[in-house]
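J.: Just a sequence and a predicted model for now, questions to come.
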Amino acid sequence: MISPYTESILIFVGINTILAYSFYIPMTTNQISGGQGAFMGIGAYFSAAMTVNYHLPFPVALVASGLLSGFVGVLVGLPALRIRGLYLVIMTLGFAEVVRVFFLTSDYFGAAYGFSKIQEQTTLTNVTIVLALLIFVVYRLERSYLGRALEAIKENDLAAETLGVNITKLKVLMFGFGAMVAGLGGALYAHYALFIDSNNFGFHRSIEIVIFAIFGGVTSIWGPPIGAAILTVFPEVLRFIQEWRMVSYGLLMLLMMTFRPQGLVTKHMFKGIVSRRGRQEVGDYT
Amino acid sequence: MIFLQQVINGLMLGCTYVLVALGYTLIFGLLRLIHMAHGEVLMIGAYVALAIIAYLHGNLFLAMLGAMVVTALLGITIYAVSIRYVEKGGHLSPLVSTIGVAIVLQEIFTKIFTGEKIAFPQTLVFKNIQVGGLSFNTVQIFIIVLSFAVMFVLYRILKRTMIGKSIRAVSENTETARLLGIRVPWIVVLTFALASVLAGIAGVLVGIAYHSIYPLMGIEIGLKGLAIIIIGGMGNVVGAMFSGLLVGLMEVFSVAYISSSYKDAFTFGLMVLILIWKPEGLFGSVTEKR
Amino acid sequence: MGTILETRLISKRFNGFSALRGIDLSVKAGDIHAVIGPNGAGKTTLFNLLSGVYRCTEGEIVFLDKNITHLKPFQISIMGMARTFQNICLFPQMTVCENVMVGRHAYHETSLLKVFLRPPFTKSTSEAKIRKRAEEMLDFVGLHEEREQLASSLPYGDQRRLEIARALATEPRFLLLDEPAAGMNPNETEGVLELIKKIESQGITILLIEHDMKLVMGIARRITVLNFGEKIAEGTPGEIQNDQKVIEAYLGSE
């Protein structure tokens, strides 16, 4: 059917899309999380431990590690309520580093040697299933009264709260949900890469996830998949510039932030309403 | 005595951290953004100094001067290219664009010099000194003394000179400063130059202290600097000085008494704790700008 | 019912700065009660305390016979208190109708499960109801035409109306209006006056902050005057107009 190479690319596109959504989801309430790499790591390591050490079936490990990441996300999301904007980004980036060091120093998880001998369990099929489910959930959520409440929180959370919206509950929920999604992405990643170590999941991975999301645009549900797809496929397509891949990456970030900080896909593209604002900011409407 | 030895080591490390943190602080205080390529400025400063000593046969003084000049210009360029037109883009945009710059610089230097560590030429006369039961060396003294001298000079600049006062004015309220006749764009450029010079000096000192440099050295120090300004309070000069030294001491002690793998954890762990319990930092951070 | 809201010696301090001190306020159900005072007197701080946005440093607030001093804003809203803001706090990137629909948040009839389990291509009845009520609110304030426009595209006067419609959508028993006529010309102010009377006729109690004395004297049944964080006078419009302390406060602050 399709070549193994193409399948591999598609799987990575799928996983990266899932990860991009993990950033997108807290962003719906204006929470900029620089720590999704950490939640990804938690999902990756714990699912690997479950399948390798406890021989649990992969679907169980997948769901369980997702729930675990989500739970940790809620724990982090609670104090995160008091911090906004840039401070939150930095706090979560710091959290990502703390988690990275945790796995680096944990013998149970392989410490510096990493965790190996993971069975390949991730297939295009299960990645697609997870992704489809995720998109369905987010899509329905956004179009419901909750989605409206989330948008209200994003635009003016104070006003939203005086209208009966429980902003604490929703913000923490979205933060936890995002963490859970990152955990699922991590579990899928671990069972495809077959080897993980702490370097996969710190500050750098978090930044990478942020880039994937904001390149596509975090104001529309179609932003993350487009961003993840392009950024995953392009370096492969341009293999000849493999040498200059990272430099192009950096330049791309620079150019994007200068000329189109709102990402490729924006909310207003689909609403048919011409936005009065000249330039949109990166998910920042307050 | 080991304890005091470590204190000196800690101070030495802390001093370089302080210089880096001060750079972040100046820029954050002025523009309310984090300059994620600051670590790379430090790295380039170190390489410039190395080039001057090794290839141009200059002495340390010239190397330091050269590093300062180049990093000042580099800082201004980075501002012009990645921040000037981006700073309005919300909280994330300047962060991401400066990360882009950082990546580009890291890659370029990795291409030129490979990822390997290069020996940093030792031009200081290395002598061990014994006072009481305490043994320390000229390198440590040099770094600590020079750093404190730089901190002192910076402090005087900010407190006493017109330029320093202008910087503080713009940091507090750009509109008012503008109305008072302060040429804000120039102040911004100047502050970037100043912050980058500090990073450049720090880069040279790191080279001297660790005897080697490599293109990715900016990453770790850059991150540490970030943690330090959070701990001390973003935009707070005194906070940066204090927590820089604190973190230096903490890291040295955790390596000496616990294990080297955990040193980062303590720094970032402290940072996360501060953000949870006292988000404005130990010494308070600057308020929202008008 | 009698008293719908009562504050007992509430005060608010910010890091040593005392914004409000020992405020006793009693609002009768069905009244239009105004709070006036020079700028900085603490009027909006009072609103923030009542709506739960700020926590009282001291004192108690009783609403509908329940102690709401420690409740969160969304809980107070659900109990039946709504407010507008001095600096308009609309959701700028949402449409006029969507803004009002947010006000119906507490009235959704869909459980979380139904959000996801509803079969595709069917419409949610709860959403339809919410939209209908929202449009009724817009009609009430006269913004029905503009319902699909972006909130930020409305002219200033309409934005204030929209905020009122949004607050009304929560079906409050008690409405706090923070300077609803600020920045308006006499025509627009007349419109606001009519709207407030219309709201009163629905049985909603109104607490009003306003600087426009003509509006206040014309519509309020009872007035409380604040200055420098303290209550300096209270009474009917007639009593307030002749109160020496009030006159001094306003003249003195020029």
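T.: Structure received. Numbering: from 1, shown residues only, chains lettered A, B, ... in the order given.

J.: show me where chain A has helices.
T.: Ranges of helices in chain A, per DSSP state H, are A:4-27, A:36-48, A:58-80, A:85-105, A:124-142, A:145-162, A:167-193, A:203-216, A:223-237, A:245-259, A:267-271.

J.: Next, the angle from the third one to helix A:36-48.
T.: In this case it means helix A:58-80. Direction vectors for helix A:58-80 and helix A:36-48, defined by axes from the mean of the first three to the mean of the last three C-alpha atoms, to 10 degrees, enclose an angle of 150 degrees.

J.: now the angle from helix A:58-80 to helix A:85-105?
T.: On the basis of the same axes, to 10 degrees, helix A:58-80 is oriented at 130 degrees to helix A:85-105.

J.: Return helix A:58-80 as PDB; C-alpha atoms alone will do.
T.: The C-alpha coordinates for helix A:58-80 follow below in PDB (Å, rounded to 0.1, in the frame of the first residue of the first chain):
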ATOM      1  CA  PHE A  58      -0.500  -1.100  24.800                       C
ATOM      2  CA  PRO A  59      -4.000   0.400  24.800                       C
ATOM      3  CA  VAL A  60      -4.200   0.100  28.600                       C
ATOM      4  CA  ALA A  61      -0.800   1.700  28.900                       C
ATOM      5  CA  LEU A  62      -1.700   4.400  26.500                       C
ATOM      6  CA  VAL A  63      -4.900   5.400  28.300                       C
ATOM      7  CA  ALA A  64      -3.300   5.100  31.700                       C
ATOM      8  CA  SER A  65      -0.400   7.200  30.900                       C
ATOM      9  CA  GLY A  66      -2.700   9.800  29.400                       C
ATOM     10  CA  LEU A  67      -4.700   9.900  32.500                       C
ATOM     11  CA  LEU A  68      -1.500  10.200  34.600                       C
ATOM     12  CA  SER A  69      -0.200  13.100  32.600                       C
ATOM     13  CA  GLY A  70      -3.600  14.700  32.800                       C
ATOM     14  CA  PHE A  71      -3.600  14.300  36.600                       C
ATOM     15  CA  VAL A  72      -0.100  15.800  36.900                       C
ATOM     16  CA  GLY A  73      -1.300  18.600  34.600                       C
ATOM     17  CA  VAL A  74      -4.200  19.400  36.900                       C
ATOM     18  CA  LEU A  75      -1.700  19.500  39.800                       C
ATOM     19  CA  VAL A  76       0.500  22.000  37.900                       C
ATOM     20  CA  GLY A  77      -2.500  23.800  36.600                       C
ATOM     21  CA  LEU A  78      -3.800  24.800  40.000                       C
ATOM     22  CA  PRO A  79      -0.900  27.000  41.100                       C
ATOM     23  CA  ALA A  80      -0.600  28.100  37.500                       C
END
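
J.: C:Pro172 is nearest to which of the helices of chain A?
T.: In this view, the helices of chain A are compared for proximity to C:Pro172 by C-beta to C-beta, and helix A:145-162 is the closest at 10.4 Å. (C-beta placed from N, C-alpha, C; glycine too.)

J.: And the closest one, what does it pack against?
T.: Packing contacts for helix A:145-162, counted by 3 or more C-beta pairs under 8 Å, 6 or more residues apart in numbering or on different chains; DSSP states H and E, involve helix A:124-142, helix A:167-193, helix C:73-79, helix C:96-103, helix C:125-141.

J.: which parts of chain A sit against chain C?
T.: Contacts of chain A with chain C, taken as C-beta under 8 Å from any C-beta of the partner chain, map to A:136-137, A:140-141, A:144-146, A:148-149, A:151-152, A:155-156, A:158-168, A:267, A:273, A:275-276, A:285.
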